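1. Take this sequence and fold it.
(2 chains)
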Amino acid sequence: MIFSRRSNLPSIKETAHRVNQLALPHGGERYRSTPAAAQSYPDAFSWVSAIRSSSQNGRFKDALCLYTRMQGSPFVPTTFAISAALKACARIPAKVSGTAIHAQVHKFGHERDVYVQTALVDLYSKLGDMGIARKVFDEMPARNVVSWNSILFGFWRAGDLLAARRVFDEIPVKDAISWNSMIAGYAKAGDMPQAESFFRQMPHKNVASWNGMISGYILKGNVAAARKMFDEMPERSNVSWIEMISAYAKCGAVHSSRELFDQREDKDLGSWNAMIACYAQNSWPKEAILLFGEMLETGDLKYGLEVESYMSRIGIELDDHLRTALVDLHAKCGSMDKAYKLFNSLSRRDLVSYSAMIMGCGINGRVSDAIHLFDKMVNEKMSPNAITFTGLLTAYNHAGMVDEGYQCFSSMMNVYRVPPSADHYAIVVDLLGRTGRLEEAMSLITSMTVKPHTGVWGALLLSCKIHGNVELGEIAAKHCIELETESESSGYIILLANIYASVGRWDDAKRLRREVEEKSLAKTPGCSWLGLG
DNA sequence: GTAGGGTTAG
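-> Residues are numbered from 1 along each chain as shown, chains lettered A, B, ... in the order given. Just a heads-up that it's a prediction; the model follows:
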């Protein structure tokens, strides 16, 4: 049955042919096929897998598209395919498609399948059509607790408290979901005494039971009672934390929000969002932005990638601007394949997206790719800017291609009229310096039209360390120390000390190291980052 | 391998 092919089952073949004329989906529910839903599959099992995986990733429209396309394949939709498709219809929600699939259920003779029938009950419950949901439910030859819970959910959703209560009492074997539906149902209806009563009677409470009570109290504005529950519960989920943080946020208790947020170990994306939103809602924009930056820093852009999956989950369509931001993100994470994929999916590639790609190639050592992209971009009549050149120079630097890099640097000014910034100089100094061309690097610095920053002098200093050049190293270190605040200069001093050591000037090395040590000891008491200074 | 609840950021 599951693996049935039309050719093996002629009677179904006929039916299937007729049903195919239904041409799902139709009416107002026309769904654009995405690449994921455009493939074809060799057997019924693969079709079902594809439909289910789309559904599991929240791509319900893809799932439905696939189901529709399965009609054109040599395979008859199985109970597995049908229940997956019904689930997608329930989640979208898609009434017309759902009803059409309901018709197919009869054509294919799945009236006795408990999975398909339960999916139908759930579909109509979610569509708010309790008349049909009840009819399907009543006609089921066999029901299990999932079927009962589905109709129970429908009555709660329809606001029919009495029917819900009656259904609950009739459920032969209740499970946690049955109980939690009652708790959450009464809580949402604002009847906390009833919610509490069910909560107390429930035999094996889980996190959701507690969360239901917490959200009920919050809804009533009783944050203290919610907090009491939160403190008493044996284990908390992300939802518990986020609910409490945002409850405090809504009543302006920013510090209480933050206190909970700080207690949260292994913060998930939701906790960060809730805290950032708390600042935003309470007019603390600076803190909101700072925390957002902190979120991106924590865990190596891990959350940046989560943001992407989050957006696709809640169905935010990626426009070119967002895609470009993600190109940049992936490129900087080293996932150049993903960056390329997104870049190629752009409806129009512009200066910003090209530059993001070139920069990514530069960071990840893909010189020829960077050059290729640059040429393509210029061919498309786009004018590169300072960022584009930073990417390209980074690429040359990564590959140690000194002459090509230097040529690129000259053409920047002469051909493209982009004045080089200190950052560009820093890259070229690094490029020259690392290959031992220290004098050239030094004269480049002296010829600079913009003021060299520590990046420039630091690049020279590092090169002097590599090649053991004391004379230029001293000059570079001197500038670095001058430009940097006292607390951050010790790194440069140590570097200079290492240069002395590498040429055998042990006394000078020792002297500098002691200097750094004394400085760090002296400033420790005042070294506060708590904003006291 | 199929079907159900929790909902918090927005």
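2. Would you mind listing where the stretch 401-533 of chain A has pLDDT under the threshold?
-> A:486-487, A:521-533 (pLDDT under 70).
3. in the stretch 251-400 of chain A, what spans have low per-residue confidence?
-> Scanning the stretch 251-400 of chain A for pLDDT under 70 picks out the ranges A:293, A:296-297, A:299-319, A:322.
4. So which bits of it are right by DNA strand B?
-> A:Leu269, A:Gly270, A:Asn273, A:Ala274, A:Ile276, A:Ala277, A:Ala280, A:Gln281, A:Tyr310, A:Ile314 (Cβ under 7 Å from any atom of the strand). To be clear about C-beta, it is placed using only N, CA and C from the backbone, and glycine gets the same treatment.
5. Please list only the buried members of those.
-> Neighbour-count burial (16 or more other Cβ atoms under 10 Å) applied to these gives A:Leu269, A:Gly270, A:Asn273, A:Ala274, A:Ile276, A:Ala277, A:Ala280.
6. I'd say A:Leu260 and A:Ile245 touch.
-> Yes - using Cβ atoms under 8 Å, A:Leu260 is in contact with A:Ile245, at 5.2 Å.
7. Of those two, give the one with the bigger neighbour count.
-> Neighbours were counted for A:Leu260 and for A:Ile245 using other Cβ atoms under 10 Å; A:Ile245 has more, 25 against 22.
8. tell me the SS of that one?
-> Look at A:Ile245: counting by DSSP: H, G, I helix; E, B strand; the rest coil, its state is helix.
9. so where is the stretch 1-150 of chain A shaky, pLDDT-wise?
-> Per-residue confidence of the stretch 1-150 of chain A (counting by pLDDT under 70) places the weak regions at A:1-38.
10. Within range of DNA strand B, give me the residues from it.
-> So the stretch 1-150 of chain A meets DNA strand B at A:2-3, A:44-45, A:48-49, A:52, A:55, A:78-80, A:83-84, A:86-87, A:90-91, A:113-116, A:118-119, A:122, A:126, A:144-147, A:149-150 (Cβ under 7 Å from any atom of the strand).
11. what about stretch A:68-75, start to end distance?
-> Stretch A:68-75 stretches 12 Å from its first residue to its last (Cα to Cα, to the nearest Å).
12. Show me which positions of that stretch end up buried.
-> Within stretch A:68-75, the residues scored as buried using 16+ other Cβ under 10 Å are A:Thr68, A:Arg69, A:Met70, A:Gln71, A:Ser73, A:Phe75.
13. Turn those residues into CSV, columns for secondary structure.
-> Converted to CSV, the buried residues of stretch A:68-75 look like this (three-state DSSP):
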residue, secondary structure
A:Thr68, helix
A:Arg69, helix
A:Met70, helix
A:Gln71, coil
A:Ser73, coil
A:Phe75, strand
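14. what two of those residues are the furthest from one another?
-> For those, the farthest-apart pair by Cβ to Cβ is A:Thr68 and A:Phe75; their separation is 13.1 Å.
15. Check the secondary structure at A:Tyr41 for me.
-> Per three-state DSSP, A:Tyr41 ends up coil.
16. Skipping its backbone neighbours, what lies nearest it in space?
-> A:Trp47 (4.8 Å; Cβ to Cβ, 6 or more residues apart in numbering).
17. Break down the stretch 101-250 of chain A into its helices, ranges please.
-> A:114-127, A:130-139, A:145-157, A:161-170, A:176-188, A:192-201, A:207-219, A:223-232, A:238-250 (DSSP state H, counting those that start in this stretch).
18. deepest of those, which one?
-> Among these, helix A:114-127 has the highest mean neighbour count (mean count of other Cβ atoms under 10 Å), at a mean of 24.
19. thinking in terms of the whole chain, how far from its middle is that helix?
-> Centroid separation for helix A:114-127 versus its chain: 32 Å, with Cα atoms, centre = their mean, to the nearest Å.
20. Can you list the buried residues in stretch A:350-357?
-> A:Val352, A:Ser353, A:Tyr354, A:Ser355, A:Ala356, A:Met357.
21. got the buried residues of stretch A:68-75 as CSV, with distance to A:Ala370 columns?
-> Formatted as CSV, the buried residues of stretch A:68-75 follow (distance: Cβ to Cβ, whole Å):
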residue, distance to A:Ala370
A:Thr68, 43
A:Arg69, 40
A:Met70, 44
A:Gln71, 47
A:Ser73, 44
A:Phe75, 47
